[in-house]
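In: sequence and predicted model, in that order:
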Amino acid sequence: AGELPRPPATRVITIANQKGGVGKTTTTVNMAAGLALHGLGVLVIDLDPQGNASTALGIDHRAPDIASVYELLLGEVSLADTIQQSPNNDHLFCVPATLDLAGAEIELVSLVARENRLRNALDEQTLRNLGIDYVLIDCPPSLGLLTVNAMVAAKEVMIPIQCEYYALEGVGQLLRNIELVQAHLNPALHVSTVVLTMYDGRTKLADQVAEEVRRHFGEKVLSTIIPRSVKVSEAPGFGMTIIEYDPGSRGAMSYLDASRELALRGVAR
Ligand code: ADP
Ligand code: MG
């Protein structure tokens, strides 16, 4: 893998779509691994109580007494305390999620600055010490307080869209939420990137969806489309991303291409 340009400042990107199963987590961890393989420093923040991103990065989020994003949001621990290095890549780091996080959505409500907890926790010195160029935040399938925290902490939103029936269903609501956060909490927030996922070239439908999404989002859509592939779904079971699990596979190549596109598009969007 060739080198990719380091962004002038750390890019913080929230991967959001309140629909479950559209490829948020898969896209987060594989883009992260793709960027890290190119030598960029990447921190994945797992904001889903299921902890699937943590698992795919080879991090045991069920270990007793680990400091997770839950304690980070409550202000009980520092960012540095929660960051773990992925065993698969020296440049890849993760703040894991535990099942405790399921309660956070409610517990956060009564805290001060409840929408700003994650942003305030993202200590710049810690990110600099670890050489983090990208922070990718994997959101849960809802538009609740956890996702709002992710949107306040980021400048960019990346939306994965599955090439399936009703692909754009709910996207209008997502965009309205992004506008609300932008208007009231984080003026810099914008949709920078849309990724088409689970594309099945044998179906006409997949092409129709891809076309419709491109009409809707134009240049924001990466030209790389992620194909549906069983190997992509197998990799997390081995504590790996597809890029480590089967580097030569179509899935790995497509996520490598997508991460390269993301990096080369840079901060202009
Ligand atoms: P989300 O985080 O949006 O809920 P996931 O990334 O967990 O979505 O993906 C949902 C399911 O689809 C998972 O079982 C995952 O392994 C599978 N999956 C995701 N991307 C692909 C792909 N390109 N090919 C095959 N299966 C995929
Ligand atoms: Mg997920």
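Out: Noted; the coordinates are in hand. Only a predicted model underlies this, so the values are computations on that prediction, with no experimental measurement involved. Ligands and ions are numbered 1, 2, ... in the order given.
In: tally of neighbours for Asp81?
Out: Asp81 sits with 14 neighbouring residues when counted by other Cβ atoms under 10 Å. In short, each C-beta sits where N, CA and C put it, glycine included.
In: what about it, helix or strand, and which?
Out: According to DSSP states H and E, Asp81 maps onto helix 79-82.
In: I'd like to know which elements that helix is packed against.
Out: helix 69-74, helix 124-129 (3 or more Cβ pairs under 8 Å, 6 or more residues apart in numbering; DSSP states H and E).
In: just checking: what are the partner strands of the helix or strand following that helix?
Out: Under the assignment DSSP H and E, the closest C-terminal helix or strand after helix 79-82 is strand 84-85. Under the criterion DSSP bridges, strand 84-85 sits next to strand 92-95 (antiparallel) in its sheet.
In: helices along the stretch 151-269 of the chain, start to end?
Out: 171-184, 204-217, 230-234, 242-245, 250-265 (DSSP state H, counting those that start in this stretch).
In: and those: which comes nearest Val135?
Out: Closest approach to Val135 among the helices of the stretch 151-269 of the chain (Cβ to Cβ): helix 250-265, 13.0 Å.
In: for Met31, list the residues it contacts.
Out: By Cβ atoms under 8 Å, 6 or more residues apart in numbering, the contact set of Met31 is Leu136, Met158, Tyr255, Ala258, Ser259, Leu262.
In: let's see that with 7 Å instead.
Out: By Cβ atoms under 7 Å, 6 or more residues apart in numbering, the residues touching Met31 are Leu136, Tyr255, Ala258, Ser259, Leu262.
In: am I right that Arg250 is in contact with Lys231?
Out: No - counting by Cβ atoms under 7 Å, Arg250 stays clear of Lys231, with 8.3 Å between them.
In: ok, back up a step: nearest to Leu118, out of the helices and strands packed on helix 79-82?
Out: When those are compared by Cβ to Cβ, helix 69-74 sits nearest Leu118, at 6.3 Å.
In: residues touching the closest one, excluding its own?
Out: Residues contacting helix 69-74 (Cβ under 7 Å, 6+ apart): 45-47, 77, 79, 82, 95-98, 100-101, 104, 108, 117-118, 121, 149.
In: please name the bridge partners of the closest residue to Ala97 other than its chain neighbours.
Out: Nearest residue to Ala97, sequence neighbours excluded (Cβ to Cβ, 6 or more residues apart in numbering): Asp46, at 3.9 Å. Applying DSSP bridges to Asp46 gives these bridge partners: Asp138.
In: separation between Asp46 and Ala36?
Out: Note on Asp46: its distance to Ala36, by Cβ to Cβ, to the nearest Å, is 16 Å.
In: between those two, which one's more packed in?
Out: Set side by side, Asp46 and Ala36 show more neighbours around Asp46, with 31 against 27, by other Cβ under 10 Å.
In: burial of Ser142, as a residue count?
Out: Every residue meeting other Cβ under 10 Å relative to Ser142 is counted, giving 14.
In: can you check Asp257 too?
Out: 16.
In: which ones are touching the residue of the stretch 51-200 of the chain found nearest ligand 2?
Out: In the stretch 51-200 of the chain, the residue that lies nearest ligand 2 is Asn52 (5.3 Å; Cβ to the ion). Neighbour list for Asn52: Thr25, Pro236 [criterion: Cβ under 7 Å, 6+ apart].
In: which one is Gly20 nearest to, not counting chain neighbours?
Out: Pro141 (3.6 Å).
In: done for today, thanks.
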